[in-house]
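Asker: Could you look at this predicted model? Sequence included:
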Amino acid sequence: MKLESHADRAANLPEVVLQVDRLKKVIGKKTIVENVSFTVREGEIFGFLGPNGAGKTTTIRMLVDLIRPTEGSVSICGHQVNRNPELALSYVGSIVENPEVYSYLTGYENLEQFARMQPGISKERLKEVAALVGLDARIHDKVKTYSLGMRQRLGIAQALLGAPKLLILDEPTNGLDPKGIKELRQFIRSLADQGMAVVVSSHLLSEIQLMCDRVAIISRGKVLASGPVAELIRNSSSYVAWQLVPRVRGEEALRALGCQLIEHPGEVLDDALLTGSMEGSILTEMREEEIRELIPQLVKAGIQIQGAHKINPTLEQLFLEMTERESIE
Ligand SMILES: Nc1ncnc2c1ncn2[C@@H]1O[C@H](COP(=O)(O)OP(=O)(O)OP(=O)(O)O)[C@@H](O)[C@H]1O
């Protein structure tokens, strides 16, 4: 730890808040999670992504000491969870599984109830967190009158009561509509901008792509890839779509060469939304080497190409491709 913090200071990196090192969990004879490592720093939103049953909740339970790892360690602000759980977890606010919210009480009464379990939380702080999650106008209404998004925010308000340095949210977008998801995304970003480290788990990739600075993709208990979203996408080699801009349209020649002409702007191909500028373009999926061979063939067939643009996959496509490849191997 010490060595790393010296190096970090030299590189001027924000402090490491969460360090997960080679976590493994075996239940009975089943290995649920294996060799899971990642680091989350101050001000960073980290996405833990994987399909249902991948091992996200099991990992998160280990982060907050709900279950013990079979191997590996978790440390929060430099304190190991298995050695000093109280101190390590004093830096954490979390929503793991369904947080307890009493719908017959008001939002404020719920916060009071929750604050009783954490010493030293003032009435001022209750008002502060209610305002922070944008519930101040409705905080004295009964929770049963709240929308799902408002309940979610009340859960986050509870998690924020102790002013944590690390916020852990397991599947925070579950059940939210697109507007609620957008609001949550902006809210989480504002927390990170104030220096909080945030871990969110999800099986919904498109939302996470917009929310996270870095992600780890987990499938069947193992991390398949991790890093900044843009970097993962840039380095992906297999799924590559290309947009070629022809001088003339030559439908038949194109069809013969396995290409497709984009007829309508806004056309959707494998979840990649094609923009208006693509109308009349040629769309094809192939590797860079293959594209280099294709262009002379098109020219030979009388179709001059003005430009070739790579269309990056979405995180969702990358993820599907990785997890499918893994299930075949
Ligand atoms: N106590 C347990 N005993 C046996 N198997 C378990 C136990 N807990 C989890 N599992 C199994 O481990 C795997 C991972 O579960 P986990 O809940 O961590 O996945 P997840 O990625 O959070 O998915 P989901 O979003 O569906 O909760 C699943 O196959 C699950 O059935």
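Answerer: Thanks, I have the structure now. Numbers count the residues shown, from 1 in each chain.

Asker: Would you state the helices of this structure in chain order?
Answerer: Using DSSP state H, the helices of the chain run over 2-11, 56-63, 85-89, 107-115, 123-132, 148-160, 178-193, 205-211, 229-235, 251-256, 288-300, 315-328.

Asker: Turn those helices into TSV, columns for mean pLDDT.
Answerer: What follows is these, written out as TSV (pLDDT from 0 to 100):
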stretch	mean pLDDT
helix 2-11	58
helix 56-63	95
helix 85-89	93
helix 107-115	93
helix 123-132	92
helix 148-160	89
helix 178-193	87
helix 205-211	76
helix 229-235	79
helix 251-256	72
helix 288-300	83
helix 315-328	72
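
Asker: Which single residue of the stretch 101-250 of the chain ends up nearest the ligand?
Answerer: For the stretch 101-250 of the chain and the ligand, the shortest gap (Cβ to the nearest ligand atom) falls at His203, measuring 5.8 Å. Using the backbone N, CA and C atoms, a C-beta is placed for each residue, glycine as well.

Asker: so who does that residue touch?
Answerer: Residues in contact with His203 (Cβ atoms under 8 Å, 6 or more residues apart in numbering) are Leu49, Gly50, Pro51, Asn52, Ala54, Lys56, Glu171.

Asker: Just give the number of residues close to the fourth one.
Answerer: So the one you mean is Asn52. By the measure other Cβ atoms under 10 Å, the count of residues near Asn52 is 8.

Asker: same deal with the second one?
Answerer: The local packing of Gly50 (other Cβ under 10 Å) involves 24 other residues.

Asker: Hmm, Lys56 and it touching each other?
Answerer: Yes - the pair Gly50 / Lys56 is scored as a contact, 5.4 Å apart, by Cβ atoms under 8 Å.

Asker: Can you check the pLDDT for the residue of the stretch 101-250 of the chain closest to the ligand?
Answerer: Per-residue pLDDT puts His203 at 82.

Asker: and the gap between it and Glu231?
Answerer: Distance, His203 to Glu231, using Cβ to Cβ, to the nearest Å: 22 Å.

Asker: same thing with Leu135?
Answerer: Taken as Cβ to Cβ, the span from Leu135 to Glu231 is 36 Å.

Asker: So these two - more neighbours on which side?
Answerer: Taking neighbours as other Cβ under 10 Å, Leu135 and Glu231 compare with Leu135 leading, 22 against 12.

Asker: who touches the more buried one in this structure?
Answerer: Shown in contact with Leu135 (Cβ under 8 Å, 6+ apart): Gly107, Met150, Arg153, Leu154, Ala157.

Asker: Could you check the pLDDT of it?
Answerer: Predicted confidence (pLDDT) for Leu135: 91.

Asker: Flag every residue of the stretch 1-150 of the chain that's near the ligand.
Answerer: Ile27, Lys30, Ile32, Gly50, Asn52, Gly53, Ala54, Gly55, Lys56, Thr57, Thr58 (Cβ under 6 Å from any ligand atom).

Asker: Identify the farthest-apart pair in the contacts of Leu135.
Answerer: Spatially, the most separated pair among these is Met150 and Ala157, at 10.1 Å (Cβ to Cβ).

Asker: returning to what we had before: top of the contacts of His203 by neighbour count?
Answerer: Compared across the contacts of His203, Leu49 has the highest neighbour count, 29 neighbours, by other Cβ under 10 Å.

Asker: you'd agree that residue is up against Ser206?
Answerer: No - counting by Cβ under 8 Å, Leu49 does not reach Ser206; the two are 10.9 Å apart.

Asker: What's the local residue count around Asp65?
Answerer: Quick note: Asp65 (other Cβ under 10 Å) scores 17 neighbours.

Asker: All further residue positions should be reported with the first residue as 58.
Answerer: All right, first residue 58 from here; so that's Asp122.

Asker: Setting aside sequence neighbours, what's the nearest residue to it?
Answerer: Pro142 (4.7 Å; Cβ to Cβ, 6 or more residues apart in numbering).

Asker: How about the residue nearest the centre of the chain: which residues does it bridge to?
Answerer: In the chain, the C-alpha nearest the mean C-alpha coordinate belongs to Gly104, at 3.0 Å (Cα atoms, centre = their mean). In this structure, Gly104 bridges to Val257, Val272 when assessed by DSSP bridges.
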